[in-house]
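*Asks:* From the sequence below, what's the structure:
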Amino acid sequence: MVNRLTNKVAIITGGISGIGKAVAQDFLSEGAKVVITGRRESLGNTVAKELGGPDEIQYMKQDVSREADWQRVVDQTIKQFGGFDILVNNAGVGGAGKMIAQTSLEEWQQVMDIDLTGNFLGVREALNKMDKGSIVNISSILGIITPMPGAGSYSAAKGGTRLLTKTAAVEAVKMGKSIRVNSVHPGLVSTDIVDSQTKAYLENSDVPIPKIGSPVNIAKAVTYLASDESEYTTGSEIVIDGGSLAGRG
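*Replies:* Prediction:
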């Protein structure tokens, strides 16, 4: 399909690599104007030029844990493209990979600041600046199931994102706004966060589709939620995990 996002303007956090970049590519192919954000300025500018012209895509530097950065990015997006219809909260970090007993407060807080507080700030800004549209929060299957050892902070943040999504979906209606809010829960996807230990775990498990997913597998679901095709979908979670949850017996 093409043109499902024509005349729509999207902000994609963490849009300079991995899932975020794949979402940006798919959105552009469907006719959207796109703003990608991230902290690595040189990479961000390079990716924006790679994906399209300045009338189609812009890079804006952003630390999602900073309130002022959110206000600046949203205001600049509206000024540049004349509106704001779609938010994809994708930026995230994987954490230190330590057991809870060995995790420092600083390590815990870094994951919370980016993976959960960053999503809260984005959702709040979107609810206040949009009258209609779609918010898509990228969570994880580790925000749904009992997490693997060493993923305590990550799982807590992703589980928080799951419930933040459902609350925001209800509150958008209470505000009288036609804003849909949904979450996407990837399994193992080929990104910088997935390490060799995680890949080895998958290879020795009973997952129905025993392979690492591709960012484009996630992007297609995000495009559906961003488009008007999902007009009856809010407060929902879409799991894309190769059957990992189904294979847990």
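*Asks:* OK, contacts around residue 110?
*Replies:* Neighbouring residues of residue 110 by CB atoms under 8 Å, 6 or more residues apart in numbering: residue 93. C-beta coordinates here come from the backbone N, C-alpha and C atoms, glycine included.
*Asks:* and it, what element?
*Replies:* Using DSSP states H and E, residue 110 sits in helix 105-111.
*Asks:* in that helix, what counts as buried?
*Replies:* Using 16 or more other CB atoms under 10 Å as the test for burial, helix 105-111 gives 108, 110-111.
*Asks:* And stretch 83-99, by the same measure?
*Replies:* 84-98.
*Asks:* circling back to that earlier point, let me know the next secondary structure element after the helix holding residue 110.
*Replies:* helix 118-129.
*Asks:* Now do that next one: distance to the chain's middle.
*Replies:* The chain centre lies 13 Å from the centre of helix 118-129; the measure is CA atoms, centre = their mean, to the nearest Å.
*Asks:* could I have that helix exported to PDB, CA atoms only?
*Replies:* Extracted C-alpha coordinates of helix 118-129, given in PDB (Å, rounded to 0.1, in the frame of the first residue of the first chain):
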ATOM      1  CA  GLY A 118      11.000  10.000  28.000                       C
ATOM      2  CA  ASN A 119       7.900   8.300  26.900                       C
ATOM      3  CA  PHE A 120       5.800  10.100  29.500                       C
ATOM      4  CA  LEU A 121       7.100  13.500  28.400                       C
ATOM      5  CA  GLY A 122       6.400  12.700  24.700                       C
ATOM      6  CA  VAL A 123       2.900  11.400  25.500                       C
ATOM      7  CA  ARG A 124       2.100  14.500  27.600                       C
ATOM      8  CA  GLU A 125       3.400  16.800  24.900                       C
ATOM      9  CA  ALA A 126       1.300  15.000  22.200                       C
ATOM     10  CA  LEU A 127      -1.900  15.000  24.300                       C
ATOM     11  CA  ASN A 128      -1.500  18.800  24.700                       C
ATOM     12  CA  LYS A 129      -0.400  19.700  21.200                       C
END
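*Asks:* For it, buried residues please.
*Replies:* In helix 118-129, counting by 16+ other CB under 10 Å, buried: 118-123, 125-127, 129.
*Asks:* how long is stretch 99-116 from one end to the other?
*Replies:* 19 Å (CA to CA, to the nearest Å).
*Asks:* now swap in stretch 227-235 and tell me
*Replies:* 15 Å.
*Asks:* ok, and what's touching that stretch?
*Replies:* By CB under 8 Å, 6+ apart, stretch 227-235 touches 4-5, 30, 134, 165-166, 169-170, 172, 180-182, 224-225.
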